[in-house]
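Enquirer: What would the 3D arrangement of this be:
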Amino acid sequence: MTIVTLMTYIAIVALGLTLYMTLVKKVHKSGLMTFAQNFAGVLFIFSGWVKAVDPMGTAIKMQDYFAEFEATFAGTAFNFIAPLFPLLSEYALAFAIFMIILEIILGIMLIIGDRPKLTAWLFFLIVLFFTALTGFTFLTGYVPVDQNFFSFSAWTDFKASNMRVTDCGCFGDFIKLDPRTSFMKDVFLMVPALYFLFRYKDMHQFFGQKSRNLIVLFSTIFLIFYSFYNFYWNEPHVDFRPFKNNANIAEIYQQEKAAANAVQVIAMKMRNKNTGEIKEFPFADYMKNLATITEEYETIEQIKTDPAIPSTKISDFSILDFDGDENESLFLHNPEPILMVQIYDPKYTAIPEKIIVRDSIFVNDTVVKPEGIVIVSKALSKVEEREVDGYKIVWDNDFIYTLKSVIKPLMEQATKDNVAMAVVTSGIDAEKADLLAKETGIDAQYFTADEKLLKTIMRSNPGVLLWKNGVILHKWHYKKLPTWSEIKAEYLK
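Expert: Residues are numbered from 1 along each chain as shown. The predicted model follows:
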């Protein structure tokens, strides 16, 4: 679905509500205002809902924004602002849930006409906030990757690959919007935002004040529980991510890689070194006159064909052992079922401590035999002890309890049926993986992967996936994990 199609559907729904309110209920003061309220309200409810089904996804996107804001303000006259963003990133999930609920509640308040002046101001401020986010990201397309946003003299022609955040996250994983499109959407929404701000007295009001209060109150309570359900108690109940149940990841992976490899360079966008003139050369002409062209022009950007299949996070599916060797085939090309336990955040604390290291000192002893043969042997002279800085790994009790009480029994039962289990984690090395295995008793293969990839695959930490022939047969939040006998009966018939 495209943004134009989505906006068309929303406009149709808004028109239906407007006709009902004006012709049947006759609650309107201005037909234009009523339509604007309904359109903005339906849009906010829908855009909030597709994020509420996966609040952790919105939190991850907010962390991307916060990281870029921190990098942008650090080292400038505004560097005093930079420390704020790591703090916001630490509470990104709570912030995301707050923003999601605020967005949906605002949509409801617009449709029922609750507290017109307050609603108008909140709508204006939230649109302004979104416009600032998407506008910043869009404008970074003019900023070379090695330059700071505030180095305005270094700005060049727009280049999509320069954008610091490539997806705004406005509609979660339902629709991926590039920042330029999203920015234009938010600029468009400033029109009704300003209209509401100056003409809020023309807003329609549906139901009585007491009923509106109850609608807002119960909607807020429901949305809080609904948001928590979709990451704390279970996986998102509607999955818009590419790693969904029954998805043939191996097939999609191959298709996306083939599509990416088939992309061709069709032209070179170049700047004249002397005059600054921007010119595009067809790639064939560029290659034919390479020496002449490069002497006079410098490359700005390669212009390529679009891939036949847009790339998703599946293209980044990479599972490594601790020696750095690829092991995706264990999941993508394995005809046997295999359980994958993914841990994107192995919860531990590294406590600094002094460690005693023993150094063995050897001396060489040379012996010359009568035959003239020289024999050199090593002899232990002494053992010296020295104190060095080290650390002790202390695992989170709840994290270890979950692995021992939920994951280990599953592994033991699956092993009896010759179904293997592999643990894929991020943020630890081979030494910590060995410690984790000993702490939990989960004697399985341990691999490593990118944290963001694992968070995309599952929001649960830990989470369990059942693979076969490159297909995700099913995935479970650890709090909703069935017994092995139930999994076997349902998915391995």
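Enquirer: the longest helix in this structure is where?
Expert: helix 116-139 (DSSP state H).
Enquirer: centroid residue for the chain?
Expert: What sits nearest the mean C-alpha location of the chain, by Cα atoms, centre = their mean, is I60, with 4.6 Å.
Enquirer: Grab the nearest non-local neighbour of that one.
Expert: Nearest residue to I60 in three dimensions, chain neighbours excluded: K455, at 6.0 Å (Cβ to Cβ, 6 or more residues apart in numbering). Any C-beta I mention is one placed from the backbone N, CA and C, and that applies to glycine too.
Enquirer: Could you report the neighbour count for that neighbour?
Expert: Using other Cβ atoms under 10 Å, K455 has 22 other residues around it.
Enquirer: three-state assignment of it?
Expert: helix (DSSP: H, G, I helix; E, B strand; the rest coil).
Enquirer: hang on, it packs against A59?
Expert: No. K455 is beyond contact range of A59, at 9.5 Å (criterion: Cβ atoms under 8 Å).
Enquirer: list the buried ones in whichever strand or helix holds I97?
Expert: Using DSSP states H and E, I97 maps to helix 92-112. Using 16 or more other Cβ atoms under 10 Å as the test for burial, helix 92-112 gives 92-93, 95-97, 99-112.
Enquirer: Okay, now the unreliable bits of the chain?
Expert: Applying pLDDT under 70 to the chain picks out residues 357, 364-377, 379-380.
Enquirer: Break it into its domains for me.
Expert: Domains of the chain are assigned by automatic domain parsing as 3-233, 264-304, 315-347+396-491, 352-391.
Enquirer: Straight-line length of the third one, end to end?
Expert: Think domain 315-347+396-491. 26 Å (Cα to Cα, to the nearest Å).
Enquirer: how far is that domain from where the chain is centred?
Expert: Here domain 315-347+396-491 is found 20 Å from its chain centre; the criterion is Cα atoms, centre = their mean, to the nearest Å.
Enquirer: Repeat that for stretch 250-265.
Expert: 22 Å.
Enquirer: ok, residues contacting it?
Expert: Residues from elsewhere that reach stretch 250-265 (Cβ atoms under 8 Å, 6 or more residues apart in numbering): 242, 283, 302-309, 311-312, 314-315, 317, 328, 332-333, 469-471.
Enquirer: Can you select the buried ones among these for me in PyMOL?
Expert: In PyMOL, a selection of the buried entries from those looks like this (16+ other Cβ under 10 Å):
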select buried, resi 242+283+307+312+314+315+317+328+332+469+470+471
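Enquirer: can you pull the buried residues of stretch 161-170?
Expert: Going by neighbour count (16+ other Cβ under 10 Å), the buried part of stretch 161-170 is N162, M163, R164, V165, D167, C168, G169, C170.
Enquirer: Of the contacts of stretch 250-265, which belong to helices?
Expert: Among the contacts of stretch 250-265, DSSP H puts F283, L332 in helices.
Enquirer: The residue nearest to I60 and F243: what is the separation?
Expert: Remark: distance between K455 and F243 (Cβ to Cβ, to the nearest Å) = 10 Å.
Enquirer: What of L492?
Expert: 20 Å.
Enquirer: ditto for I351
Expert: I351 is 35 Å from F243, by Cβ to Cβ.
Enquirer: neighbour-wise, which of the two wins?
Expert: Shown here are I351 and F243; by other Cβ under 10 Å, F243 has more neighbours (21 against 10).
Enquirer: my guess is that one contacts K313, does it?
Expert: Yes. With contact defined as Cβ under 8 Å, F243 counts as touching K313 (7.3 Å).
Enquirer: what residues do the two have in common as contacts?
Expert: With Cβ under 8 Å, 6+ apart, F243 and K313 have common neighbours T456.
Enquirer: hmm, who's touching the helix or strand hosting L473?
Expert: Applying DSSP H and E as the criterion places L473 in strand 471-477. Strand 471-477 has contacts (Cβ under 8 Å, 6+ apart) with 233-235, 243-250, 337, 457-460, 463-467, 482, 487, 490-491.
Enquirer: what number of residues lie near the closest residue to G75 other than its chain neighbours?
Expert: Leaving aside its chain neighbours, G75 sits nearest to N148 (6.9 Å; criterion: Cβ to Cβ, 6+ apart). When neighbours are defined as other Cβ under 10 Å, N148 has 15 of them.
Enquirer: Look at N148 and tell me its secondary structure.
Expert: Going by three-state DSSP: N148 is coil.
Enquirer: Could you check how far it is from K159?
Expert: When distance is defined by Cβ to Cβ, N148 is 16 Å away from K159.
Enquirer: what do you get for L128?
Expert: Taking Cβ to Cβ, one finds L128 at 27 Å from K159.
Enquirer: Which one's more surrounded, the two?
Expert: Per other Cβ under 10 Å, whichever of L128 and K159 has more neighbours is K159, with 16 against 13.
Enquirer: Touching, that one and Q302? I think so.
Expert: No. K159 lies out of contact with Q302 (Cβ under 8 Å); the separation is 10.2 Å.
Enquirer: Residues in contact with both of those two, list them for me.
Expert: Residues touching both K159 and Q302 (Cβ under 8 Å, 6+ apart): none.
Enquirer: Mind listing residues that contact stretch 30-45?
Expert: Residues contacting stretch 30-45 (Cβ under 8 Å, 6+ apart): 7, 10-11, 13-15, 17-18, 21-22, 27-28, 103-104, 106-111, 113, 123, 189, 192, 195-196, 199, 202-204.
Enquirer: So among the contacts of strand 471-477, which ones count as buried?
Expert: If we count by 16+ other Cβ under 10 Å, the contacts of strand 471-477 have these buried: 235, 243-244, 247, 249-250, 337, 457-460, 463-467, 487.
Enquirer: Tell me the helix or strand right after the strand holding L473.
Expert: Strand 471-477 is succeeded, C-terminally, by helix 484-491 (DSSP H and E).
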